[in-house]
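Enquirer: using only what follows, build the 3D model:
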Amino acid sequence: MHSYDVSGHPKVKVIFFITIISISISTWLNMTVELFGKLLGMHISITISLATTFGVLYLLFSKLLWKHKWFTNIFKYPNLNGKYSIIGKSFKKTTGETFDWEGILLIKQDWDKILVSMKSKNSSSESLSVHGKITHHPMKGYELIYSYDNTPNNNMAELHKHVGNCTISFDEDTETGTGNYYNDMKNRENYGSMDLRRINE
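Expert: Numbering: from 1, shown residues only. Presented below is the predicted three-dimensional model:
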């Protein structure tokens, strides 16, 4: 997985807020341990560090807490995790040929990292994202833009490793979307369009 940007999202402020909460919790836990030791007439030499508290809270937030609806509603931060079916159309620039294809788009997303993989039923190659950005457009939905590397199967001699860019516009509920992709014309002449529908999470 790799880092990605969400336009307008106050990521630094969120980290600062987690830090403030970590300081409060760490202080409270250490005071509680000390008080518990006094009640038992013992000296308990356990210190819960700020770094440990922050690490646990950050992990919980980045893996789980951000996925709640309230976070999406407040910060317009979509949870795109899931599998999407693709109905696509590909165009070959040099010849004008077109062909239809089907595939699967799989998105694995944390608050701070994401990975988008796409695989066509017609090909053994797979595209993996290397950078991404999400933008919210009021009244329309979310736009995911990412660049990718495509590595064909070793048995596919006629295909070459190539890079490309993809733009997907999701509805507000992120259940459906439409997209366009553009390959590096030096190694792959195709570009195309896609219709997506979520099939599970």
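Enquirer: distance between the ends of stretch 183-191?
Expert: The separation between the terminal residues of stretch 183-191, taken as Cα to Cα, to the nearest Å, is 6 Å.
Enquirer: oh, and call the first residue 407 from now on, that's how I've got it
Expert: With the count now opening at 407, the last piece we talked about shows up as stretch 589-597.
Enquirer: what does stretch 536-552 contact?
Expert: Stretch 536-552 is touched from outside by 408, 410-414, 482-484, 486, 520, 522, 535, 553-555, 571-578, 580, 583, with contacts defined as Cβ atoms under 8 Å, 6 or more residues apart in numbering. The C-beta positions use only the backbone N, C-alpha and C, and glycine is treated the same way.
Enquirer: wait, isn't K499 in contact with N589?
Expert: No - using Cβ atoms under 8 Å, K499 makes no contact with N589, being 9.4 Å away.
Enquirer: neighbour count: the two, which is higher?
Expert: Neighbours were counted for K499 and for N589 using other Cβ atoms under 10 Å; N589 has more, 21 against 13.
Enquirer: give me the nearest residue to that one, chain neighbours excluded.
Expert: Leaving aside its sequence neighbours, N589 sits nearest to G570 (Cβ to Cβ, 6 or more residues apart in numbering; 4.1 Å).
Enquirer: how about whatever helix or strand the one you found lives in: buried residues?
Expert: In this structure, G570 sits in strand 568-576 according to DSSP states H and E. Within strand 568-576, the residues scored as buried using 16 or more other Cβ atoms under 10 Å are 568, 570, 572, 574-576.
Enquirer: against T557, how distant is the residue nearest to N589?
Expert: Going from G570 to T557 by Cβ to Cβ, to the nearest Å gives 12 Å.
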